[in-house]
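> Here you go, sequence then predicted model.
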Amino acid sequence: MNITWVDWISISPALAVIGAAFLVVLVDMLLPKDASKAPLEIVSYTGIGAALYICFRRLGEGMPPVRGFFGSVVLDELSVYLSLAILAATALLVTMSGEDMRRRKVHAGEFYAIVLLAAAGMILLVQSVNLIMIFLMIEILSLCVYVLTGITRRQPRSGEAAMKYFVTGAFASGFLLYGMAFLYGATGSVQLAEIAVRLREATPMALLGMGLLLVGFAFKVGAVPFHMWVPDVYEGAPTPVTAFMSVAVKAAAFGALVRVCVAGLPAQSAQWGGMVWGLAAATMIVGNLMAVPQRSVKRMLAYSSIAHAGYVLLGLAALKTSHAAAGAAIFYLFVYTFMTFGAFATLAYLGREVSFPGARAPEWHDAEDLFDFAGVARRKPWTAAAMTLFLLSLAGIPPTAGFAGKFMLFRAAIQEGHYVLALIGILMSIVSVYYYLRVVVYMYMKDPLEEPSQKGDMAVGAAVATAAFLTILLGLMPGTMHELSLRAMEHVGR
C-alpha cells in the first residue's frame, strides 16, 4: 500500500494551499512584532496562485481525471471548476482582510493560516469520492470556519455566532455520519462508485441513509427548514469572514452534494429528487420572504444567501434525463461567488469608526443598517454603482452574471418538466427585486448622514472592484464558464 507521485498529483491544488498555510505560520514566527504583515499576504497569494495555475492548466488542456489515495479523491473537471470559485473567494478575502483585521485587533498570521487551511479542506471536499473522506473534509473546513467566525474575541456577538455555528454544525455532522452509516450498511462500501453499482433498488435502509445525508447537507448550505443559524452567524461574524463563508462553504458543500447524488446515487434520482424538490421550493420561498422586512442589510444578505441556496437546489432537483440542470447549478455557484462576495465587501468598505458612550476608544462599525447607506451615491458614487451592480445581479437583472445564471437554471428546469419549481423561482426572484432595490433607493434618494466622510481602505476597494468586474464580465460573456460546467457534469462518476 505505497503512496505514489500520482496520489500527490491528485491533491496538488490543495497541497499548494496547505504549504502556503504552514509557510505563513513560519514567516509569522520570524517577523518582528511590529513589522508589516505584507509578507504573510505574499505567501498566501503565492499558494493560491499556484493552485489556480494547476486548475487553469488542467481545464485549458482538458487533462483526464487523476485518482489518488486508493480512489478516495479525484482531480476531475468538477472539482477543478469548483476549486476556482473557492480559490477566488480565498484570494478576495486575503485582499480585503489586512487592514480590517488590524482594526479588529486580530493576529494576522493565525487568520491567514486558518483561512488557507479552510480553503484546502473545501478543495479536498469537492474532490472526495469516498464517504469517509467527505466527512473528514467537512469537519476540517467546519472547524476552521468556526474559529474564523469567533476570531474577534473582544466582540460578544462574534463569540455568540461562533457558538451557534458550532452547535448547529455538530447536529449536521451527526446527521451526515448516521446517513453514511446507513448507506454503508445497505451497500457494504463507502466508495461512491461502488455504492452506485450495488444500490440498484432503494431499500428502506438506503432511503433512510439518503434522507439523513440530505438533512446534513441542508444544514451546511443553509436550506430551509435547517437555516435558522444562518442570519445570526452571518450577522455576528466579521464581515470579511461572512463574505467568505457565504460563498466558499456553499460551493464546497454543494459540490459534495452534487457528487454524492450524481455519482453515488444515480439510480435513486426519483427518491432524492423529490426530497431536493421540497427543499428547493421551501428555501426559495422562505429565504426571499424573510429578507423583505429586514432593516439590517447584512441580515438581509444572509436571508438572500438562503434563497440562493434554493436556486442551486432547483438545479439539482431538475436533474432528470441529462446533466444540464446540474451544470447550470454549479455555473450559478461560480457566478454567485463574485456578486455575493462583492456585496459583503462593500459593507466593509463603507464602514467607519463610531464612538460609543463609555467606550475607551472608537470602534469599527461596518455598514450594516439601511441608514448607513443613505446618501452613499453622493459621497462615494463608484462604491454605490458597484453595490447597485451586485444587488441587480443577485436579483437576476440583465446584463449581470446573476441574470445569466438564473436564466440557465430556469431554462434547464423547464426543459426537464419542472414547471412549478421554475415558476416558484421566477416569482421569488421578482419578490427579491423589492428588498434589493430598497438599498439602492437609500443610496441614491436619501439624504446622506451628517458625518464627515471617511476614506475606505484601498485593499477592500480593490476586492470590491475585482468582484464588480467579474460580475459584469460573466454576465456579458457567460458562454465559456457555462460550457465548462456542462462538460464537468458530463464526466462525473465516470
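On my side now, so go ahead. Note that this is a predicted model, so its numbers are computed, not measured.
> Tell me where the longest helix sits in the protein.
helix 156-187 (DSSP state H).
> contacts for the next helix or strand after that one?
As assigned by DSSP states H and E, the chain's next helix or strand after helix 156-187 is helix 192-198. The contact list for helix 192-198 (Cβ atoms under 8 Å, 6 or more residues apart in numbering) reads 71, 129-131, 183, 187-189, 259-260, 263-267, 493. C-beta here means a position set from N, CA and C on the backbone, and glycine is covered the same way.
> Please report how far the residue positioned nearest the centre of the chain lies from K105.
Closest residue to the average C-alpha location of the chain: V247 at 2.0 Å, with Cα atoms, centre = their mean. V247 is 26 Å from K105, where distance means Cβ to Cβ, to the nearest Å.
> Sticking with A91, tell me its helix or strand.
In this assignment (DSSP H and E), A91 forms part of helix 77-103.
> between the helix or strand following that helix and helix 77-103, how many degrees?
Sequence-wise, the next helix or strand downstream of helix 77-103 (DSSP H and E) is helix 108-127. Orientation check (axes from the mean of the first three to the mean of the last three Cα atoms, to 10 degrees): helix 108-127 against helix 77-103 gives 160 degrees.
> Packing partners of helix 108-127?
Helices and strands touching helix 108-127, by 3 or more Cβ pairs under 8 Å, 6 or more residues apart in numbering; DSSP states H and E, are helix 12-30, helix 38-61, strand 73-75, helix 77-103, helix 131-149, helix 250-259.
> May I have the last one as PDB, with CA atoms only?
Extracted as PDB, the C-alpha positions of helix 250-259 are listed here (Å, rounded to 0.1, in the frame of the first residue of the first chain):
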ATOM      1  CA  LYS A 250     -21.700  26.900  -0.100                       C
ATOM      2  CA  ALA A 251     -19.600  26.000  -3.200                       C
ATOM      3  CA  ALA A 252     -17.800  23.200  -1.400                       C
ATOM      4  CA  ALA A 253     -20.900  21.700   0.300                       C
ATOM      5  CA  PHE A 254     -23.000  21.800  -2.900                       C
ATOM      6  CA  GLY A 255     -20.100  20.300  -4.800                       C
ATOM      7  CA  ALA A 256     -20.000  17.400  -2.400                       C
ATOM      8  CA  LEU A 257     -23.800  17.000  -2.500                       C
ATOM      9  CA  VAL A 258     -23.800  17.000  -6.300                       C
ATOM     10  CA  ARG A 259     -21.100  14.300  -6.400                       C
END
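> And the next helix or strand past it?
Note on helix 250-259: by DSSP H and E, the next helix or strand toward the C-terminus is helix 269-291.
> quick one: average pLDDT of the helix or strand hosting L437?
Per DSSP H and E, L437 falls inside helix 419-445. Across helix 419-445, the average pLDDT comes to 92.
> Now it: buried residues?
The neighbour-count check on helix 419-445 (16 or more other Cβ atoms under 10 Å) flags 421-422, 424-425, 428-429, 431-432, 435-436, 438-440, 442-444 as buried.
> quick one: which of those residues is nearest to P13?
Using Cβ to Cβ, G425 is the member of those that lies nearest P13, at 32.5 Å.
> before we move on, the earlier item: among the contacts of helix 192-198, name the buried ones.
Buried among the contacts of helix 192-198 (16+ other Cβ under 10 Å): 129-131, 183, 187, 189, 259-260, 263-266, 493.
> how about those in TSV, adding pLDDT?
Below are those laid out as TSV (pLDDT from 0 to 100):
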residue	pLDDT
V129	91
N130	92
L131	93
L183	91
T187	88
S189	88
R259	90
V260	90
A263	85
G264	84
L265	84
P266	82
G493	55
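> Where does pLDDT dip in this protein?
Counting by pLDDT under 70, the chain contains low-confidence ranges at 1, 320-322, 352-365, 449-456, 493-494.
> before we move on, the earlier item: would TSV of the helices and strands packed on helix 108-127 with distance to R200 be doable?
Conversion of the helices and strands packed on helix 108-127 to TSV gives the following (distance: least, Cβ to Cβ, whole Å):
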stretch	distance to R200
helix 12-30	34
helix 38-61	33
strand 73-75	23
helix 77-103	24
helix 131-149	18
helix 250-259	20
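> With respect to T383, which of the ones you listed lies nearest?
Of the helices and strands packed on helix 108-127, nearest to T383 by Cβ to Cβ is helix 77-103, at 13.5 Å.
> Relative to the whole chain's centre, how far out is the closest one?
10 Å (Cα atoms, centre = their mean, to the nearest Å).
> What's the local residue count around V17?
Residues lying near V17 (other Cβ atoms under 10 Å) number 27.
> mind listing what the closest residue to it other than its chain neighbours touches?
Using Cβ to Cβ, 6 or more residues apart in numbering and skipping the chain neighbours, the partner closest in space to V17 is A120 (4.4 Å). Shown in contact with A120 (Cβ under 8 Å, 6+ apart): 14, 17-18, 21, 140.
> hang on, the earlier thing: which residues belonging to the helix holding A91 are considered buried?
The neighbour-count check on helix 77-103 (16+ other Cβ under 10 Å) flags 77-101, 103 as buried.
> so what's L301 closest to, chain neighbours aside?
A343 (5.8 Å).
> actually L213, sorry about that
Nearest in space to L213, with sequence neighbours left out and distances taken as Cβ to Cβ, 6+ apart, is G179 at 3.5 Å.
> Correct me if wrong: the one you found contacts V215.
Yes: using Cβ atoms under 8 Å, G179 is in contact with V215, at 7.4 Å.
> Now do V115 against L141, distance only.
V115 is 11 Å from L141, by Cβ to Cβ.
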